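**Student:** this one's structure only:
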């Protein structure tokens, strides 16, 4: 028996990963103000990994409270370069600044997943990937953004490794699923442990 799972996210990538893995998924995006939740954490010494967990947990709990008895998966991803946490760029100039800041450096993607039932956290996990961007010339960044267009605004790093963004990188350490925004192998292992999917 496969238990129905609610994904507290509007991300088509996360939903597709879970559906392709054979899960029965309903996506219900959480209605939380991420920046308001994050504001008190800034400057408090909380790690970027923990910021992702706090946000993922808040999303899962919010959706869980409206769906009693159902297992809810909350997710969030932060991108950190040292102590600096990046958010999705607001516009193409923001995307350009993101890529200039990441150029020639190694940044970390922190993909958090939290499982909740009836408002109670059952499990939390953060998958981490380290990505080293090659040194990018400003003119190349401009041409790259002109080619990918608004897609650059849909991710925290202003790139999609599943598309042309893969050309920006020198090395990648970490699994594909974590980079795209969901530590899928860890989630599946926990769902099997909970008896929510056949194992």
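**Tutor:** Perfect, I can see it now. Since we're looking at a predicted model, the values are computed, not measured. Residues are numbered from 1 along each chain as shown.
**Student:** contact partners of the one helix or strand residue 139 maps to?
**Tutor:** For residue 139, the element it lies in under DSSP states H and E is helix 138-148. With contact meaning C-beta atoms under 8 Å, 6 or more residues apart in numbering, helix 138-148 is reached by 92, 95-96, 99-100, 103, 136, 152, 158-160, 163-165, 167-168. For glycine as for every other residue, the C-beta is placed from the backbone atoms N, C-alpha and C.
**Student:** Now residue 44, what are its backbone angles?
**Tutor:** Main-chain dihedrals, residue 44, degrees, to the nearest 10: phi -100, psi 0.
**Student:** which SS class is the nearest residue to residue 186 once chain neighbours are set aside?
**Tutor:** Distances taken as C-beta to C-beta, 6 or more residues apart in numbering place residue 125 nearest to residue 186, at 4.8 Å, with adjacent residues excluded. At residue 125, secondary structure determined by DSSP: H, G, I helix; E, B strand; the rest coil is strand.
**Student:** okay, and the helix or strand of the protein with the least pLDDT?
**Tutor:** Taking mean pLDDT, DSSP states H and E as the measure, helix 34-38 is the helix or strand of the chain with the lowest mean score, a mean of 83.
**Student:** Buried residues in stretch 116-131, which are they?
**Tutor:** If you call a residue buried by 16 or more other C-beta atoms under 10 Å, then stretch 116-131 has these buried ones: 116-117, 121-129, 131.
**Student:** list the contacts for the residue nearest to residue 186?
**Tutor:** Residue 125 makes contacts with 112-114, 183, 186-187, 190, as judged by C-beta under 8 Å, 6+ apart.
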